[in-house]
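Asker: got a sequence here, can you build the structure:
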Amino acid sequence: MKHILLALFIVSTLSCKAQLTVYNIDTPPENRTVTDNYYYKDIDNHHDAIVGVWRWEDGNTSFEMTLQEFEQYSYPISPNIYLDAVYGKYTYIENGQTIVNITEIETFVNLKLSLGFRSPTEYGVVIGDPTSETNKVGEFILTSPTTATMRLWDSEGVKINYGNGQPWALPTYFELTKQ
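Answerer: Numbers count the residues shown, from 1 in each chain. Next up, the predicted model:
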């Protein structure tokens with residue numbers, strides 16, 4: 001009986017340490033308590049508004065991206081921190097010629113497209129261009145349930161051995177329609 005009680009005590013103690021503190025992704029930072037195990041969860045399903053296929057088209061030039069949510073994703077460098085993350089893939093065609101075609105959705109570290117929640121209508125963007133081997137950051141703003149704008153710019157900071165010298169291959173402003 002002593003062994004059973006001891007085993008129950010050990011299991012209950014370990015399971016308490018493994019529990020996650022769950023925060024809604026729209027909880028302001030000042031209302032979060034820092035813990036070792038936490039999860040930024042899309043409790044209100046904000047990501048549903050952006051997940052799917054978005055397209056911009058101008059004649060025979062187009063940009064199409066597919067966004068997917070990854071629930072309770074943990075970055076490899078922070079195994080005790082989880083979040084509902086949005087990653088994507090994209091294709092850019094200019095004058096009928098495919099310039100960039102990212103065919104698989106990859107997560108951190110190899111990601112090519114990531115959106116981070118700021119508000120129900122605004123997301124931060126990080127996008128990689130394999131042509132120039134550089135990244136840009138930006139914003140994705142929902143202007144209606146089926147339309148959005150995406151604007152990109154260079155991130156700040158010093159970049160050493162960054163890129164291959166080729167110019168950025170993508171437009172830096174899109175007016176997208178959800179397909």
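Asker: can we go C-alpha only for contacts and neighbour counts from here?
Answerer: Will do.
Asker: residue ranges with poor pLDDT in this structure?
Answerer: Scanning the chain for pLDDT under 70 picks out the ranges 1-18.
Asker: helices of that one, residue ranges please.
Answerer: Here the chain has its helices, by DSSP state H, at 2-18.
Asker: could you measure Asp48 against Trp168, distance?
Answerer: Remark: distance between Asp48 and Trp168 (Cα to Cα, to the nearest Å) = 30 Å.
Asker: out of those two, which sits in the more crowded spot?
Answerer: Just comparing Asp48 and Trp168: by other Cα atoms under 10 Å the higher neighbour count belongs to Trp168, 17 against 11.
Asker: I'd guessed that one sits against Thr131; true?
Answerer: Yes: in terms of Cα atoms under 8 Å, Trp168 counts as a neighbour of Thr131; the distance is 7.1 Å.
Asker: identify the bridge partners of Tyr123.
Answerer: Counting by DSSP bridges, Tyr123 forms beta bridges with Phe117, Phe140.
Asker: and it, how many neighbours?
Answerer: Neighbouring residues of Tyr123 were enumerated by other Cα under 10 Å; the total is 20.
Asker: Lys112 too?
Answerer: Using other Cα under 10 Å: Lys112 sits among 21 other residues.
Asker: so what's the closest residue to it other than its chain neighbours up against?
Answerer: Leaving aside its sequence neighbours, Lys112 sits nearest to Gly128 (Cα to Cα, 6 or more residues apart in numbering; 4.7 Å). By Cα atoms under 8 Å, 6 or more residues apart in numbering, Gly128 lies in contact with Leu111, Lys112, Leu113, Thr134, Asn135, Lys136.
Asker: cutoff 10 Å now
Answerer: Residues near Gly128 by Cα atoms under 10 Å, 6 or more residues apart in numbering: Ile102, Asn110, Leu111, Lys112, Leu113, Ser114, Thr134, Asn135, Lys136, Val137, Trp168, Leu170.
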